Structure formats: structure tokens, C-alpha cells
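Participant: What follows is a predicted structure for the sequence shown.
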Amino acid sequence: MQPSLLMVPQQHAPDAVAPAPAYYAQAPAPATVELGDLGRILLRRRLLILAVTALLTAVTLVYAMLTPALYSSTAQIIIDPQDLQVVTNDVNPSRISPDGGITQVESQVSVAQSNSVLLRAIAATKLTENPEFNGEGVLDRWLGGFLGSDGGDRTAETLDALRRRLAVKRDDKVLVLNIIVTAKSAQTAADLATAIAKAYLADQADARSQAAAQASDAISARLDDQRKRVEQAANAVEAYKAEHNMVMAAGNLVSDQELTDLNTQLTAAQTRTAQLKAQVDQLRRQGGAPDATTEAMRSPVIASLRAQEATLVDQISQFGTALGPRHPSMISAQQQLSDLRKLISRELGRLVAAAETDYERALANQKDLQAKMASLKGKSLDTDQASVRLRELQRDLDAVRTVYANYLQRAQETREQTNVNSTNARIISYAMPALKKSWPPKGLLLFGAIFGGLALGIGMALIAEYLSPTVLSANQMQSAIEAPVLGVLPGKARRRGGRSGAMAQKTDAVAGLALQRIAAATRRPSDWPLVPSILVASPPEDKAQRSRVAWQLANAAAARGRRVLFIDINAGKGQKDPQPGVLDVLRGEYPLDAVSRYAPGSSVALLGRGRPAAVFQEAQALYFAHRMLAEANHSFELVVIDGGALADDLNVLPLVAMADEILLVARLNATPMRDVATTSEAVSVMGRLPTGAMLVDEAA
């Protein structure tokens with residue numbers, strides 16, 4: 001808020017105090033850096049950015065010129081996760097993981113870089129004799145002599161150096177390993193890459209062979225134990241059989257076999273007896289016609305007799321027709337027929353007797369077998385309990401025999417697998433000497449140095465701006481002084497002609513607009529006795545811009561028909577015999593009309609600093625400042641005061657206290673924010689606050 005005039009003597013104090021400008025109550029803008037401000041920062045600190053870029057580029061070029069050239073060669077190995085199926089029961093079973101074997105192949109990246117593989121390659125290429133890898137270079141020998149290190153085994157140094165020059169990678173979506181080796185010699189790099197690929201395959205084959213040998217040794221070590229267990233089980237079975245008088249034949253007890261055979265014979269005898277009994281019963285049922293039985297019909301004797309009977313019957317029939325019943329031939333034939341039929345009857349009787357005899361014999365045999373069967377059954381009941389234990393011992397014997405046989409077969413299989421390589425991997429591309437060096441890539445390094453230097457320079461520029469910020473924009477200025485920015489004046493035009501005229505018109509327009517904003521925002525009573533006044537202040541290094549802004553405001557007001565008094569607090573400062581000026585007026589030694597004058601060819605009245613010899617009192621100076629502005633109200637419509645650097649000149653205090661508007665001037669991208677804060681603090685120490693600001697853009 002505006003300061004009161006209580007320090008002015010009451011008899012001379014004005015009746016009212018001018019209210020604060022309306023725009024003074026506006027909310028301060030946020031203190032943020034806008035996108036356009038970044039461009040201004042980079043433009044202002046372009047020398048730092050270019051210097052950092054140039055330095056980094058030069059260092060990169062020196063490095064690229066001095067660094068020895070390196071060459072890279074690549075050998076490729078394709079790995080099938082499913083190994084060769086040489087035997088059914090392989091020691092190294094081949095199983096493909098759910099991801100298609102990608103994980104298995106990824107693990108082979110570490111295997112290819114393992115010590116065992118690299119030591120094979122070192123031994124194959126005699127790499128310990130290569131000064132590039134064994135640590136026996138000129139610098140290494142000098143450091144070794146200085147540090148007192150011995151020149152012993154260089155395997156560890158060679159292994160470490162090779163590991164630093166080696167890269168094993170797997171291409172995406174394929175099961176191929178790329179073995180990349182970098183060396184100073186293209187041929188050395190190619191030989192090493194190929195040697196490592198071959199060493200990897202040999203290491204895999206040896207690893208599988210060693211695994212098979214270890215498995216075979218472990219199984220063979222168990223064979224003796226298994227053999228002893230078989231012998232113990234067999235001895236237990238034989239001892240038990242001897243103890244219980246159990247004789248085995250074809251793997252079964254003899255008593256069991258006898259019982260089985262006897263049961264078979266008894267079944268056959270019973271069947272035979274039943275058949276014969278049925279035959280006898282049939283013959284007995286036939287009674288007087290036994291020739292109708294099956295046995296009679298199958299008998300060749302009966303068949304022959306029946307044939308003779310049929311022949312005689314036929315002859316008798318013929319003789320009866322030709323010779324008559326009493327003919328001797330007829331009688332002889334009838335006698336032969338009678339004898340023949342008696343023979344048939346005797347043969348049929350013999351068949352019946354034979355059948356009955358067979359039946360009786362079969363029945364007797366059946367009874368004998370049944371008696372033997374009963375006797376063996378009694379004996380088998382005594383051996384049943386012993387057989388249970390015998391079968392248990394036999395099962396144990398069969399089990400240990402099976403295990404022993406499996407061990408023996410597996411030992412022979414694993415022993416053979418030691419000579420079989422089931423690894424399904426091969427070299428699909430042997431390394432070739434590189435035609436172009438892989439390091440240093442001068443183009444890429446230069447490109448990276450330039451853009452890296454730009455990025456580093458920009459970062460350093462932003463850090464420098466953060467550590468020592470400058471006025472970047474109107475919003476930032478408003479936030480710093482908590483007052484609006486009334487305008488941004490372009491810098492001075494250095495060209496003549498149309499460009500200079502356009503710049504002057506733009507400057508006048510900005511100054512006029514600032515005056516209009518001040519006039520529109522200021523609410524003064526109509527009978528206010530003091531002339532409207534504007535005090536312009538700035539940090540010391542912005543002296544030229546402050547004077548220009550103050551003069552532009554005065555000229556803009558004069559160009560619009562207003563009578564203007566321009567007070568330059570720095571005019572005549574440092575002169576030995578200056579003309580009377582505003583300090584003389586503030587001491588009451590001169591009236592305003594006596595010391596003000598118009599500049600030649602200008603409608604603006606001028607008032608210089610004056611003579612600073614005498615010291616005035618603050619209360620007295622306030623009174624005379626009030627009187628000066630009251631007198632100026634009769635002759636002028638506006639007073640513009642170039643207040644200088646307020647922090648360095650306390651003589652301006654009365655004018656600061658009495659001025660209606662206090663404007664701070666700063667240069668965009670040049671005035672440090674700490675100087676703006678210092679000037680704003682100086683205004684507040686004098687009892688006021690800045691009411692606005694004007695910025696000067698030297699780049700416009």
C-alpha cells in the first residue's frame with residue numbers, strides 16, 4: 001500500500017493521500033520458467049554451450065586418433081535343445097522346456113564364457129605367449145618392474161584379458177550363439193573366436209562323457225553288493241528246502257508235480273471208466289441183438305462175416321430158383337449159412353465179454369488212482385506251511401536277481417556311452433578375419449561427442465542459470481516484485497533506415513501503452529494538489545536502459561500533448577561545479593521554476609541532480625518534495641524521475657516517498673534476479689513497494 005505523509009509538517013501536509021493503483025492488488029504470477037525462457041537461457045549462454053561442445057569433440061578426436069584399432073570376429077554355434085538319441089536309456093536325457101529350449105540355450109551363454117572353455121582355447125592358440133593378452137606389453141613390463149611383480153605363469157592374466165575381449169550373445173528367437181572376440185589383429189580375433197567355439201563343443205562332449213563315466217563307476221561299485229545279495233537270497237532258499245526236505249524240479253516241488261500228474265491220470269481214468277460203463281450198459285440193453293451196437297459195427301471180423309453171410313444168402317436164392325430146395329448144392333449152401341451165423345453169434349458174445357472185462361479193469365485202475373491221490377493229498381497238507389515261506393524266499397530271490405540284472409545291463413550301457421557324443425550342437429559359421437576395424441568408430445564417436453557436448457553444455461547452462469538466475473520473462477519479474485510488468489521495450493536499433501524507424505515507432509507505442517495503463521489504473525481525487533509522478537529505478541548495471549526507459553516515457557507523454565518534467569537524478573553527478581537541480585530544490589534553496597529548463601528542440605522540461613554539498617534533513621526534504629510537486633502541478637501534467645540505483649543513493653528517499661508510481665527497469669536475459677531483489681528491497685526500506693516494471697529486450 002502507498003506510504004502516508006505523516007513525516008511531512010502538518011501545516012504543509014496535503015489533505016489526502018493518493019490511493020494505490022488498482023493493478024497493484026493483482027495476484028502475483030507464478031515464478032516458473034516457460035518454454036520460451038529456455039530458449040533465451042540457451043541463447044544467452046551459448047558461448048558456454050559451444051565451448052563445452054568443442055572441448056568434448058576435441059577430446060574425442062584425440063582419443064580416436066591415439067586409440068589402437070581393434071577388430072572383431074564372430075563364430076556361430078547352433079544348439080538343438082533335443083540331443084541326439086543314441087541309446088534308449090541315456091545318462092543325459094533330452095527334454096525340451098516349455099519355452100522351446102530358449103532357457104537351456106541361454107544357460108549355454110555362461111558355459112561358453114566359463115573358465116574351462118576359455119582355458120581350452122588359450123591352450124589351443126598358445127595365447128599365453130601373446131603380449132596383447134598375457135600382460136607383457138611395454139607399459140605392463142615397466143609397471144611390473146616398478147612394482148616388483150614376477151614374470152611367472154601368465155595364465156590368470158591371459159584369462160582375464162580374454163574375458164574382457166569376449167562377448168557371447170544369443171540372437172532373438174533363434175537357438176544360435178554368437179561368439180565375438182575383439183583383438184588388435186583381425187587374424188588373432190578370428191582364430192580366438194573359432195578356438196573358443198571348438199573348445200565349447202569339446203567341453204560339452206567331455207562333460208557328457210565324464211557324466212557317463214561317473215554314472216558307470218557308481219553303478220559298477222554297486223554290482224558287488226548286488227551280487228552278494230543274490231547269493232545270500234539263493235543260499236537262503238536252498239537251505240530252507242534242505243531243512244524241510246523240499247525237492248524242486250523245473251522250479252516246482254516234486255510232490256506238487258506228482259500230485260498234479262496223479263490228478264491228471266485220475267481224471268483220464270474216470271473218463272475211461274465212464275465210457276466203458278456206458279458201452280457195457282448199451283450192450284446189455286440190446287439183449288438178443290448185440291450186432292446192432294457200435295462196437296459190432298466197427299468190428300472188422302463181424303463185417304467180414306456179414307459179407308460172407310450176404311454172399312451165401314445170395315447163392316441160396318439163386319440155387320432155389322435154378323436147382324430146387326433138395327439139390328445137394330442147395331443143402332450145402334444152407335449148411336454153410338447156418339455155420340456162418342453161429343460164428344457171428346460167438347463173435348458178438350466175445351465182444352460183450354471184452355467190453356465187460358475192459359470196464360472192470362478201468363474201474364479197478366480208477367480205484368487205485370483214487371487211493372494214491374488220497375495218500376498224496378495227506379502229504380501235501382504237511383508241506384503247505386513250509387511252501388508259503390519258501391515262496392516268500394523265492395520272491396526275494398527273484399527281486400534281487402532282477403535288480404542285479406538291471407544294474408549289470410545299465411553298467412554296460414553307461415560304459416559304452418562314454419565313447420558316444422550325444423551333443424546336438426555344431427559350428428555353422430567359422431570366424432573370418434574382419435575387413436574393417438570395430439573400434440574406435442570415429443564417425444559414431446564424433447556424432448556422440450557433438451550431441452553429448454551440446455547436451456552437457458545445455459545442462460551446464462541450465463545449472464549456471466539456476467545458480468545465478470536472470471530475468472527471463474514478464475511473469476518471472478511480476479513474481480519477483482509482486483507488481484505487474486507494464487511493457488517490454490526493444491533494444492536500441494543499430495541499423496539505419498526503415499529498420500530504425502520501425503523500432504522507434506515500436507518503442508514509442510510500448511511507452512505510450514504503459515502510460516495508458518498507469519493512467520487507467522490510478523485513482524486520484526480531482527482536487528489532488530500534486531502533479532502525477534513516475535519514478536524509474538534499476539540496478540546499477542542497467543543504468544543505460546533505465547535512462548532510456550525514463551526518457552521514452554517522458555517523450556511518449558509529450559508526444560501525446562502532455563506537459564512533462566523530466567528529473568534526472570544522475571545528470572551532473574560527479575561534476576565539480578554542477579548547475580542547481582533537484583537536490584537544491586529539496587533543500588529549499590531554489591524554487592522549481594528557477595532550476596528547470598527545456599531541452600533544445602524538445603517539449604520536455606529538464607531538471608538535473610544539482611549540488612549535493614549541503615546535507616538536508618529527511619522531514620524537511622519530504623516537505624520540499626511535496627511543495628515541488630505541488631508547484632509542478634501548475635506548469636506540468638506529468639513528472640518522470642530517473643531515480644538511478646536506489647541502493648547506492650539515499651538522496652532519492654524524498655522522491656521515492658512522494659512519487660505516485662515506482663517502476664523498476666531490468667534487461668531480459670541479462671539482469672540478475674538478485675539485483676532485482678536488491679533494488680526491490682531498497683524500495684521497501686524507503687517505505688514503499690514497486691508498483692510496476694518495464695523490461696528491455698536487447699535481442700528484439
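Facilitator: The structure has been received and is ready for your questions. Residues are numbered from 1 along each chain as shown.
Participant: Which helix or strand lies directly C-terminal to the helix-or-strand element of the chain with minimal mean pLDDT?
Facilitator: Within the chain, confidence by mean pLDDT, DSSP states H and E is lowest for helix 138-147 among all helices and strands, at a mean of 52. Note on helix 138-147: by DSSP states H and E, the next helix or strand toward the C-terminus is helix 155-164.
Participant: Would you confirm that Leu489 contacts Gln552?
Facilitator: Yes. Leu489 lies in contact with Gln552 (C-beta atoms under 8 Å); the separation is 6.7 Å. C-beta here means a position set from N, CA and C on the backbone, and glycine is covered the same way.
Participant: Show me which of these two is the more surrounded one.
Facilitator: Remark: of Leu489 and Gln552, Leu489 carries more neighbours, 27 against 24, as counted by other C-beta atoms under 10 Å.
Participant: and the gap between Gln478 and Arg674?
Facilitator: Distance of Gln478 to Arg674, given as C-beta to C-beta, to the nearest Å: 17 Å.
Participant: So if I had to pick from the two, which one is more boxed in?
Facilitator: Comparing Gln478 with Arg674 by neighbour count (other C-beta under 10 Å), the higher total belongs to Gln478, at 20 against 12.
Participant: which secondary structure element contains that one?
Facilitator: Using DSSP H and E, Gln478 falls within helix 474-481.
Participant: so what does whichever helix or strand comes after that helix touch, helix or strand wise?
Facilitator: Proceeding N to C from helix 474-481, the next assigned helix or strand is strand 485-490, under DSSP H and E. Strand 485-490 is packed against helix 474-481, helix 498-521, helix 543-559, strand 692-697, with contacts defined by 3 or more C-beta pairs under 8 Å, 6 or more residues apart in numbering; DSSP states H and E.
Participant: Pull out the buried residues from the third one.
Facilitator: Taking 16 or more other C-beta atoms under 10 Å as the neighbour-count basis, helix 543-559 is seen to contain the buried residues 545-558.
Participant: now, among the residues you listed, which is nearest to Glu681?
Facilitator: Of all those, Arg546 has the smallest distance to Glu681: 17.2 Å, by C-beta to C-beta.
Participant: which ones are touching the closest one?
Facilitator: Val536, Ala537, Ser538, Asp642, Gly644, Val665 (C-beta atoms under 8 Å, 6 or more residues apart in numbering).
Participant: circling back: okay, angle between the helix holding Gln478 and strand 485-490 too, please.
Facilitator: Here helix 474-481 runs at an angle of 130 degrees relative to strand 485-490 (axes from the mean of the first three to the mean of the last three C-alpha atoms, to 10 degrees).
Participant: Helix 474-481 packs against which elements?
Facilitator: strand 485-490, helix 673-685, strand 692-697.
Participant: Mean neighbour count, these: which tops it?
Facilitator: strand 692-697 (a mean of 24; mean count of other C-beta atoms under 10 Å).
Participant: and that strand, which strands flank it?
Facilitator: strand 485-490 (parallel), strand 661-667 (parallel) (DSSP bridges).
Participant: For these, could you give me CSV that also reports mean pLDDT and distance to Asp261?
Facilitator: Converted to CSV, the strands paired with strand 692-697 look like this (pLDDT from 0 to 100; distance: least, C-beta to C-beta, whole Å):
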stretch, mean pLDDT, distance to Asp261
strand 485-490, 91, 130
strand 661-667, 93, 131
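Participant: got these as TSV, with distance to Val531 columns?
Facilitator: Supplementary listing: those in TSV, determined by distance: least, C-beta to C-beta, whole Å:
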stretch	distance to Val531
strand 485-490	20
strand 661-667	12
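Participant: for the ones you listed, which one sits closest to Tyr71?
Facilitator: strand 661-667 (57.2 Å).
Participant: hang on, Asp224 in a strand?
Facilitator: No. Secondary structure of Asp224 (DSSP: H, G, I helix; E, B strand; the rest coil): helix, not part of a strand.
Participant: And the pLDDT at it?
Facilitator: We have a pLDDT of 83 for Asp224.
Participant: One more: the one 3 residues further on?
Facilitator: Each residue has a pLDDT score; the one for Arg227 is 86.
Participant: cool, and Asn235?
Facilitator: We have a pLDDT of 87 for Asn235.
Participant: Next, count neighbours for it.
Facilitator: Quick note: Asn235 (other C-beta under 10 Å) scores 11 neighbours.
Participant: circling back to that earlier point, which parts of the helix holding Gln478 are buried?
Facilitator: Neighbour-count burial for helix 474-481 [16+ other C-beta under 10 Å]: Ala474, Asn475, Gln476, Met477, Gln478, Ala480, Ile481.
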